[in-house]
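K.L.:
Starting from these lines, generate the structure:
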Amino acid sequence: MSGAFFISLFPILLPLMAKRSLSPAGTASDSAEEEIIPHPALLSLIRPRPPITPPVVAPAAACQSTPRNNGAASQLDHDEHHTRADVDAYVDEDLQTHRIYLPTDVFLNVLLGVPDDLDSNDEFQAIIKAILVDPAYVTARAKFSSVCRLEKIQHENILYPGYVEMCNAAASVIATKDCRPSDLALWCRRQDPKRVLGSLAKLSPDAFSIYKKLCDGLRVDNANPDLLAWAHDQLWHDLKRFIKILDNGSTAPYVVLDKDGRDPRNLDMLLKAFAKYEERTGAPPVYSTELKATKRQIQSYADDLSTRPAKRSRTRVKLPGSDGNAPTLQAPTLHPQDDAIERHGASRHCARYALETLSSGGFRSHSFGILVGRNVMQVLYYDRSVIAVCEPFQMFDAQLQSSSSRDKDEHRFLALLICSQRASLAQRGIMDSLMPDPFLEVYSAYKEAVKPEPSFLFDKREIQLLVNNKTVIVTLGRIIMRQPGIIGRNTCVLEAKSDEWPGRELIIKISWPASSRVAENVFVDRIREAVTDGGEAAAWVLDHIPNVLHSQDFPLSADSPGTRLSEYLESSASFVADKSFSYETRVCRVSVHERLYSLDDLRKPSEYAQVFFDVLQVHRWIYDYPRILHRDLSVGNIMWHRRRGRICGVLNDFDLSSFRDSTGASSKQRTGTRPFLAHELHLPDSNGQPVIHLYRHDLESLFYIMVLLFCSHEMPTTDSPSLRVVKNSQYHSWFSMTDERLSEKKHKMLSSKYNDGLVPVPHHSFGAFGDWLKGLYVQLHTGVRFRTNAEVDSYDADVMDDEDQEQDSAPIAEEPQSQSFDDSTLGGAVSYAAFFQIMREFGKSRSAPRVKGKLAVMYPPKED
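P.N.:
Residues are numbered from 1 along each chain as shown. Now for the predicted structure:
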């Protein structure tokens, strides 16, 4: 699968998606304080779906459907080259739909392994006490604490030195106590303001935790320093000036109660998060940012997202000192919308870091990060099924001038560092069992292998597979396509070669499907069995399906954070408002295929026509005989190769397919890629359930693929070897619209009163497809009109004039007269026979060489 088609979309996608933010992406600073992003829920931008008058509907043969999942990885099906604006809309959806807010002790215990009995655990307490008296740690803590106590911090970078030195001093003590090599200790290294290598996102987390061995080998001269890449990251850190920017759980869709039934969004935590001053006898005045608000007001602010205009006012706050005098300072007044927007900006920033770690950092199962606001810390966890947010907790009591054995907050912070240092690579999300990672210890290995091009991240690296009970080595090459994302499959497709399959051009696909999802090779094997059963008459099908040579699953280990979280959510978790969250267990699935080619490698209109017509036919044959519905038709899944000297269209990627006879949901993964999704599938039905996926929905997807390809792109030429984006196409916005907006757009396109202005018009280089687009549009338009108004007197009177009726665009269906409406074909208008009749003739130019005036026919519609 090639990503070149999607690369061509970036000049259009970037400005469109960047409009979602209040400040342009890619500015000099990455701090959430400077880039304020409006949360969609706050701005009430969701538009309702257009009402549909339901006709009398007869039961339709249906394939199983699945609950909705708007994960980023299932939306952006393009090359590894992407900018942060390309994915922000989808990251927002992941945060809105898959974020779980966990109590501090639950998060630290379940995901990091901090013991429940920390206060009485002799092993941990011995290490904690050693850290607390370590001179380097004491000095660093005093430096960081003094900054945290400042009334006003001009820039977050003054927090970096003390924080980094604290983490590293603790790391040295932990390595000594654990008798581990110090060069393999996790070493915190400042990253900001240098951009991280490995993607075009241009992000700069404030610090990375990497092996000390790697850190010591970096060149640090200011003129030409060695820059870290996402492949080096094992734990990222982001520091902020304001505590209130940490996620307080007020907008989290799922909140877990602690063991005592306490809501982690409690008032004490909110008050503590603003470093409330506690008067101590003899203590000097300490400046704080306490808010003049009652507990009831703060609770209201946390729970109620008001629509009050965002503005920041200042209020005078007086803090008592030991001498009775009251120093005065400025403190921000809490405005719910204003603060919620800033918190969302910080959450989005952190999600970007996690996305890049998962998508550009090698083979990763999950990513950990730490968000720090002064002396308050929040740990974050991201995998392809959930975003887990830890309730904020103090790293230490900032009012204490030095460490105290009585400071339970500091014990918890140090226990977190201990567990982070002790974690295996797999527990840090690095799948070294699948493929050893050479970049974690030696910087030159990355520099020599990757150079400036991220697509060479895995070049010449080897992966071991078990094929027919023997170990097979597959050597990887350049990345062809990689989906950037958090929630979802996050598929990566690479060039490959292996002596096991000599003389074959290979690709290897690595993805993270749900463990319940049937593997692609199972569907392909079932198709091959059906071909065998069909004999010579069905042999043509083999030229139009992928050749999956091997498939193997690598499940997560029992002690991985994801496995532990899944078990906890299933067996022990209690949610606020009696909600529940079903964690979707995933596997790392590796499959080897013969290579196919993408649409942008074609050069003639007749080649495009034959490929699309081939896919229409093989899609229907697979639906009829092995009884499989593809469910994910997209521009990236229509491929081709040459067989016996001719181009054959191939229906690729059965990862989201289903057997028609199966019942129940096989995954929470969405079934389809948004721009190409049938208009009914964007939103749940009136009962909040997923719409049943029918055969005609795949036909509608096929139409949208042609619209987006032929109307928004110029055909490749010898001077331009790939598809070029047509400027100002009305369809470019489809790649950045929400489900609600895109459903509305498509529904309006198909249900409005017919006029030629609604018919998609191809670019002149694809002008031969004008008849196809008009004919298919008329069929879909007719079917939607049939469905929404079963009592229409005459379609041609309401929709088309007499002249149109005499043309080829007249609908291939008559208005159904019975009260029982066939929803599976929208009254007969959207059917295989109708699409076949329109597409078998191409452009009336007699350009298809093998069948005069018509394209090659392998599977004509069955007679009624």
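
K.L.:
which stretches of the stretch 351-500 of the chain form helices?
P.N.:
Per DSSP state H, counting those that start in this stretch, the stretch 351-500 of the chain carries helices over the ranges 408-422, 443-450.

K.L.:
Please identify the most buried of those.
P.N.:
Mean neighbour counts were compared across the helices of the stretch 351-500 of the chain using mean count of other CB atoms under 10 Å; the top stretch is helix 408-422, at a mean of 21. Yep, even glycine has a C-beta here, placed from its N, CA and C like the rest.

K.L.:
Tabulate the helices of the stretch 351-500 of the chain in a markdown table, adding columns for distance to residue 144 and mean pLDDT.
P.N.:
As requested, the helices of the stretch 351-500 of the chain are arranged in a markdown table below (distance: least, CB to CB, whole Å; pLDDT from 0 to 100):
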| stretch | distance to residue 144 | mean pLDDT |
| --- | --- | --- |
| helix 408-422 | 11 | 94 |
| helix 443-450 | 28 | 85 |
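
K.L.:
and residue 105, which of the ones you listed is closest to it?
P.N.:
Distances from residue 105 to each of those were compared by CB to CB, and the smallest falls on helix 408-422, at 8.1 Å.

K.L.:
what's the offset of the closest one from the middle of its chain?
P.N.:
Using CA atoms, centre = their mean, to the nearest Å, we find the averaged C-alpha position of helix 408-422 to lie 30 Å away from the chain's own average C-alpha position.

K.L.:
Name the residues that touch that helix?
P.N.:
104, 108, 112-115, 118-119, 124-125, 127-128, 131-132, 167, 170-171, 174-175, 178, 185-186, 209, 235, 368, 377, 379, 393-397, 403-404 (CB atoms under 8 Å, 6 or more residues apart in numbering).

K.L.:
Emit the ChimeraX select command for whichever of the residues you listed are buried.
P.N.:
To isolate the buried subset of these in ChimeraX, counting by 16 or more other CB atoms under 10 Å, use the following:
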select :104,108,112,113,114,118,124,125,127,128,131,132,167,170,171,174,175,185,186,209,235,368,377,379,393,394,395,396,397,403
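
K.L.:
quick one: which of the contacts of helix 408-422 sit in strands?
P.N.:
In this view, these that belong to strands under DSSP state E are 186, 209, 235, 368, 377, 379, 393, 394.

K.L.:
and the angle for the strand or helix carrying residue 164 with helix 408-422?
P.N.:
Residue 164 is located in helix 160-177, with elements delineated by DSSP states H and E. Our comparison of helix 160-177 with helix 408-422, counting by axes from the mean of the first three to the mean of the last three CA atoms, to 10 degrees, yields an angle of 60 degrees.

K.L.:
one step back: show me the two of the ones in strands among the contacts of helix 408-422 that sit farthest apart.
P.N.:
Using CB to CB for every pair in the ones in strands among the contacts of helix 408-422, the one that comes out farthest apart is 186 and 394, at 22.0 Å.

K.L.:
Quick check: residue 188 touching residue 237?
P.N.:
Yes - checked against CB atoms under 8 Å, the pair residue 188 and residue 237 is within contact range at 6.8 Å.

K.L.:
Determine the residues that are contacts of both of the two.
P.N.:
Common contacts of residue 188 and residue 237, defined by CB under 8 Å, 6+ apart, comprise 163, 207, 208, 209.

K.L.:
Kindly state the beta-bridge partners for the second one.
P.N.:
I take that to be residue 207. Here residue 207 sits in beta bridges with residue 190, residue 237, going by DSSP bridges.

K.L.:
Might one say that it is in contact with residue 190?
P.N.:
Yes - taking contacts as CB under 8 Å, residue 207 lies within contact range of residue 190: 5.3 Å.

K.L.:
okay, these two: which has more neighbours?
P.N.:
When neighbours are counted by other CB atoms under 10 Å, residue 207 and residue 190 differ, and residue 207 comes out ahead with 21 against 17.

K.L.:
these two touch, right, residue 156 and residue 239?
P.N.:
Yes - A contact is recorded between residue 156 and residue 239 when judged using CB under 8 Å, the distance being 5.3 Å.

K.L.:
what sits in contact with each of these two?
P.N.:
Joint contacts of residue 156 and residue 239 (CB under 8 Å, 6+ apart) are residue 206.

K.L.:
what about those two, which has more around it?
P.N.:
Residue environment comparison for residue 156 versus residue 239 gives the larger neighbour count to residue 239, 24 against 21, counting by other CB under 10 Å.

K.L.:
State the pLDDT value of that one.
P.N.:
Taken from the predicted model, the pLDDT recorded for residue 239 is 95.

K.L.:
mind listing what the closest residue in space to residue 574 that isn't next to it in sequence touches?
P.N.:
Taking CB to CB, 6 or more residues apart in numbering as the measure, residue 574 lies nearest to residue 257, with 4.6 Å between them; neighbours along the chain are not counted. When contacts are counted by CB under 8 Å, 6+ apart, residue 257 touches 103, 263, 264, 574, 575, 576.

K.L.:
Mind checking which of the residues you listed are buried?
P.N.:
Buried residues within these, counting neighbours by 16+ other CB under 10 Å: 103, 263, 264.

K.L.:
Where does pLDDT dip in the stretch 651-800 of the chain?
P.N.:
Across the stretch 651-800 of the chain, residues meeting the criterion (pLDDT under 70) sit at 663-672, 718, 789-800.

K.L.:
ok, 50 please
P.N.:
Where the stretch 651-800 of the chain drops to pLDDT under 50, the residues are 665-670, 791-800.

K.L.:
hang on, the earlier thing: export the helices of the stretch 351-500 of the chain to JSON lines and append columns for distance to residue 364.
P.N.:
What follows is these, written out as JSON lines (distance: least, CB to CB, whole Å):
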{"stretch": "helix 408-422", "distance to residue 364": "16"}
{"stretch": "helix 443-450", "distance to residue 364": "15"}
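
K.L.:
and of the ones you listed, who's closest to residue 463?
P.N.:
Proximity to residue 463 (CB to CB) singles out helix 443-450 among the helices of the stretch 351-500 of the chain, at 15.1 Å.

K.L.:
so how far is that closest one off the chain centroid?
P.N.:
Taking the mean of its C-alpha atoms, helix 443-450 sits 28 Å from the chain's own mean (CA atoms, centre = their mean).

K.L.:
So which residues make contact with that helix?
P.N.:
197-198, 214, 217-218, 226, 229, 231-232, 438-439, 456-457, 459-461.

K.L.:
Any chance you could give me it in CSV, C-alpha atoms only?
P.N.:
Taking only C-alpha atoms (Å, rounded to 0.1, in the frame of the first residue of the first chain), the coordinates of helix 443-450 have been written out as CSV:
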residue,chain,number,x,y,z
TYR,A,443,23.3,7.4,18.9
SER,A,444,25.5,6.8,15.8
ALA,A,445,23.3,3.7,15.0
TYR,A,446,20.3,6.0,14.4
LYS,A,447,22.3,8.7,12.6
GLU,A,448,23.8,6.2,10.1
ALA,A,449,20.6,4.2,9.5
VAL,A,450,17.9,6.9,9.4
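
K.L.:
how much space between residue 822 and residue 660?
P.N.:
The span separating residue 822 from residue 660 equals 17 Å under the rule CB to CB, to the nearest Å.

K.L.:
for residue 590, same thing?
P.N.:
According to CB to CB, residue 590 and residue 660 sit 28 Å apart.

K.L.:
On the three-state scheme, residue 856 is what?
P.N.:
At residue 856 the chain is in coil, as set by DSSP: H, G, I helix; E, B strand; the rest coil.

K.L.:
Just the local confidence number for it, please.
P.N.:
Residue 856 carries a pLDDT value of 84.

K.L.:
I figured it hits residue 610, correct?
P.N.:
Yes - with contact defined as CB under 8 Å, residue 856 counts as touching residue 610 (6.5 Å).

K.L.:
Comparing the two, which residue is more hemmed in?
P.N.:
Applying other CB under 10 Å to residue 856 and residue 610 shows that residue 610 carries more neighbours, namely 25 against 16.

K.L.:
The more buried one reaches residue 857, doesn't it?
P.N.:
No - no contact is recorded between residue 610 and residue 857 when judged using CB under 8 Å, the distance being 10.9 Å.

K.L.:
now, the most widely separated pair of the shared contacts of residue 188 and residue 237?
P.N.:
Farthest pair in the shared contacts of residue 188 and residue 237 (CB to CB) is 163 and 208. Separation: 12.8 Å.
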